[in-house]
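# here's a sequence, model it:
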Amino acid sequence: MTDLIALKAANTRRWANAKLTRGPEFGPVAKRLVAAKQRYVTVQNRTGVPWFFIAVTHERESSQNFNGQLGQGDPLHSVSVHVPAGRGPFATWEDSAVDALVNCNPFSSRNKDWSAGSLLTELERYNGLAYANAGRPSPYVWSGTDQYSIGKIIVDHGPIEPVVDQQLGCAGLLMAMMLIDPSITFTGAPRVILPTAPKPPPPDIPKPTPPVAKTGFWASLLAIFTRKV
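Modelled structure (predicted):
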């Protein structure tokens, strides 16, 4: 069984020391992920999982394809065949994301510690702990940084093959996203962002009724008494 406390400590150290080795590749992807922030915030509001965790997971699982399930990238409107298998079909991408975070291992919605080491470890758990069990940094998290060099699982539950992961890792994506959106922090649980309630309309103020013009005998009489001498 993986020592999660030790893994969190290792990922905290890696985060503190990591440098991008494929820097120019991260910027455009980070910009694209931040541009879709509101969709990720919608899922954050339903699960408590930080929107930026959801965003980088979405990129790793399906290159941010909103027609693919968040859990494994399989088609949204079909039953998934990859791990987690048997999920779906889903009416919306947001529904698939909630299912992956609430109902599927590692049940990320239950996590309450979103500090750097814990969030990165949760990302690693989301992909699987085979790399940690082998004493190696996960490319799912560290690809594109100096904390990773080689090794990738090609098929579900397969061995670690001696190939370099060409996908950008979650840690580097987070670094690049933080340069665009400074609200991304690892200080604890995310602040749930709910839509702002519309302001109520101002009350109707009745308009004063204009005075009725006086005519005839009474108007003439009033004019006599109010006339200036």
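# leaving out sequence neighbours, find the closest residue to residue 117.
Leaving out its chain neighbours, the residue that sits closest to residue 117 by Cβ to Cβ, 6 or more residues apart in numbering is residue 12, at 3.3 Å. C-beta: built from backbone N, CA, C; applies to glycine.
# next up, the contacts around that neighbour.
115-117, 120 (Cβ atoms under 8 Å, 6 or more residues apart in numbering).
# do you know the pLDDT at the residue positioned nearest the centre of the chain?
Geometric centre of the chain, nearest residue: residue 51, 1.8 Å, by Cα atoms, centre = their mean. For residue 51, the model assigns a pLDDT of 98.
# what's the closest non-adjacent residue to it?
In space, residue 51 is closest to residue 40, 3.7 Å off (Cβ to Cβ, 6+ apart).
# and for residue 120?
Nearest non-adjacent residue to residue 120, counting by Cβ to Cβ, 6+ apart: residue 11, 4.1 Å away.
# quick check: the one you found touching residue 125?
No: if you go by Cβ atoms under 8 Å, residue 11 and residue 125 don't touch, sitting 10.8 Å apart.
# of the two, which one has the most company?
Set residue 11 next to residue 125 and count neighbours by other Cβ atoms under 10 Å: residue 11 wins out with 27 against 19.
# number of nearby residues for the nearest residue to residue 2 once chain neighbours are set aside?
The spatial neighbour of residue 2 that comes closest, neighbours along the chain excluded (Cβ to Cβ, 6+ apart), is residue 129 at 4.7 Å. Residue 129 sits with 16 neighbouring residues when counted by other Cβ under 10 Å.
# check residue 129 and give its pLDDT.
Looking at residue 129, its pLDDT is 96.
# burial check on residue 27, number of neighbours?
Residue 27, neighbours per other Cβ under 10 Å, totals 14.
# ok, it touching residue 176?
Yes: assessed by Cβ under 8 Å, residue 27 is found in contact with residue 176 at 5.7 Å.
# residue 99 reaches residue 87, doesn't it?
Yes: between residue 99 and residue 87 there is a contact at 6.0 Å, judged by Cβ under 8 Å.
# comparing the two, which residue is more hemmed in?
A direct count of neighbours by other Cβ under 10 Å for residue 99 and residue 87 places residue 87 higher, at 22 against 19.
# quick one, what contacts the more buried one?
Residue 87 neighbours (Cβ under 8 Å, 6+ apart): 69, 71-72, 74, 79-80, 96, 99-100, 104.
# what's the spacing between the residue lying closest to it once chain neighbours are set aside and residue 70?
The shortest distance from residue 87 to any non-neighbouring residue, by Cβ to Cβ, 6+ apart, is to residue 80 (4.5 Å). From residue 80 across to residue 70, the span is 10 Å (Cβ to Cβ, to the nearest Å).
# equivalent analysis for residue 123, please.
Residue 123 is 13 Å from residue 70, by Cβ to Cβ.
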